[in-house]
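Q: sharing a model prediction with you, sequence too.
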Amino acid sequence: MKTRPYVILTPSYCVSAGVRVMHQLCHELNMLGFDASILITSNISPPDTPVVNPLWHTPVINNLARENWEAINNEAIFIAPDDLDGNPLNCKRLVYYVLGRENVAPNDDHYRIYYTRAFPMDKTKDVRTLLLLPVDLSLFNANNAPERRQDMLWMGKNPEHWPNRPPNVVPITYKWPPTREELAAHLRQTRYLYSYDAVSCTNTEAVLCGAVVIVKHISYHNWEWTKADMESTEFGIGGFAFDESEAEIQRAFDTRIELVQKVRETVASFRPKLLQIADDTQWLFRD
């Protein structure tokens, strides 16, 4: 059976976890021996920064696609995030990677992959999941952590809560710290991360670095989100506190290792799961 190439439809590289997931997906497919490339749908990279991660194998084919779209469309399997509005490029073979919780049941026949088992609207169905964690565990860990002398704040997708922020906190923004290395260094010095974005990769990174995440607001892209929803994710709520009582913070501290172990298991099992999905999509689009 002929192996079809993959084309990942994604904005240019930036700090957004969802965008980083799409770029890393391209890299991981190449590492497994498939032919994968990126078609950039919009340039949202900060000024004077590369549109792809220079450490990953993520070739960009925008120029090639302009000249050879018909040939590429005839051969490739396209993978797009679920926020793509329909199928604007009329891709012949389209896979949706659902990176957010569904609020409307899907009404299309496209092959769908869910980032986490918590995202499908209908949880009674057996769905395909592929949790690609865009976190470098060699950076985000609690090894050799100094004394924790600061608390930090993460607003993420909910900046409207800024006036309610706790006092004397160091805010994390989409622009600061400027590098992943500096963010990890700050999180290793952090006692509590106050988070108003409950479903965020930044929270996981904080727990990996030894901080306790104090959840101040539970929602996800304007959808209602609950503690039970968070518990149903693959990582659970180890390291997360849902109020500031001494008992709740101690519970979060004591359960941090549970999240760390689940993250390690997820990272270790990712490539076999990706290989299975690649085999499935190659078979599905074999004609």
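A: Arrived safely. Numbering: from 1, shown residues only.

Q: any stretches of the stretch 101-250 of the chain with poor pLDDT?
A: Low-confidence segments of the stretch 101-250 of the chain (pLDDT under 70): 103-109, 220-223.

Q: that one: helices as residue ranges?
A: 180-188, 201-208, 227-231, 246-284 (DSSP state H, counting those that start in this stretch).

Q: which of those is buried the deepest?
A: When the helices of the stretch 101-250 of the chain are scored by mean count of other Cβ atoms under 10 Å, the highest mean neighbour count falls to helix 201-208 (a mean of 24). Every residue, glycine included, has its C-beta placed from N, CA and C.

Q: which helices and strands does it pack with?
A: strand 150-154, helix 180-188, strand 190-195, strand 212-215, helix 246-284 (3 or more Cβ pairs under 8 Å, 6 or more residues apart in numbering; DSSP states H and E).

Q: for K125, which of those is the nearest?
A: helix 246-284 (16.1 Å; Cβ to Cβ).

Q: residue contacts, K216?
A: H161, N164, P166, Y194, S195, Y196 (Cβ atoms under 8 Å, 6 or more residues apart in numbering).

Q: surely the last one touches V169?
A: So that's Y196. No: assessed by Cβ atoms under 8 Å, Y196 is found out of contact with V169, at 11.4 Å.

Q: overlap in contacts of those two?
A: L153.

Q: so V7: helix, strand or coil?
A: Put simply, V7 is strand when judged by DSSP: H, G, I helix; E, B strand; the rest coil.

Q: name the nearest residue to it, sequence neighbours excluded.
A: A76 (4.6 Å; Cβ to Cβ, 6 or more residues apart in numbering).

Q: tally of neighbours for that neighbour?
A: Applying other Cβ atoms under 10 Å, we find 22 residues neighbouring A76.

Q: got a pLDDT number for the nearest residue to L137 once chain neighbours are set aside?
A: Distances taken as Cβ to Cβ, 6+ apart put V267 closest to L137, at 6.5 Å, once the chain neighbours are dropped. We have a pLDDT of 92 for V267.

Q: state the distance from V267 to P120.
A: Counting by Cβ to Cβ, to the nearest Å, the gap from V267 to P120 is 23 Å.

Q: next: P146.
A: 41 Å.

Q: more neighbours: which of those two?
A: More crowded of P146 and P120, by other Cβ under 10 Å: P120, with 20 against 8.

Q: my read: that one touches D126, true?
A: No: counting by Cβ under 8 Å, P120 does not reach D126; the two are 9.8 Å apart.

Q: ok, Y115 - contacts?
A: Each residue near Y115 by Cβ under 8 Å, 6+ apart is listed here: V21, Y97, V98, L99, G100, T129, L130, L131, L132.

Q: who wins for neighbours among these?
A: Greatest neighbour count in the contacts of Y115, by other Cβ under 10 Å, goes to Y97: 24 neighbours.

Q: who does the closest residue to E248 other than its chain neighbours bridge with?
A: Distance criterion Cβ to Cβ, 6+ apart; nearest residue to E248, sequence neighbours excluded, is A241 at 4.8 Å. A241 has these beta-bridge partners by DSSP bridges: I214.

Q: was I right to think A241 contacts A252?
A: Yes: at 3.9 Å, A241 counts as touching A252 under the criterion of Cβ under 8 Å.

Q: which neighbours do these two share?
A: Going by Cβ under 8 Å, 6+ apart, residues that sit against A241 and also against A252 are V212, V213, I214.

Q: of those residues, which is the nearest to E181?
A: Out of the shared contacts of A241 and A252, the member with the shortest distance to E181 (by Cβ to Cβ) is V213, at 20.6 Å.

Q: what distance do you get for the closest one to D151?
A: Relative to D151, V213 is positioned 11 Å away (Cβ to Cβ).

Q: same deal with T255?
A: Distance, T255 to D151, by Cβ to Cβ: 20 Å.

Q: before we move on, what about T226?
A: Taking Cβ to Cβ, one finds T226 at 25 Å from D151.

Q: and those two? Which one has more around it.
A: Set side by side, T226 and D151 show more neighbours around D151, with 18 against 12, by other Cβ under 10 Å.

Q: for the more buried one, give me its contacts.
A: With contact taken as Cβ under 8 Å, 6+ apart, D151 is in contact with P166, N168, V169, V170, T190, R191, Y192, L193, Y194.

Q: much appreciated, bye for now.
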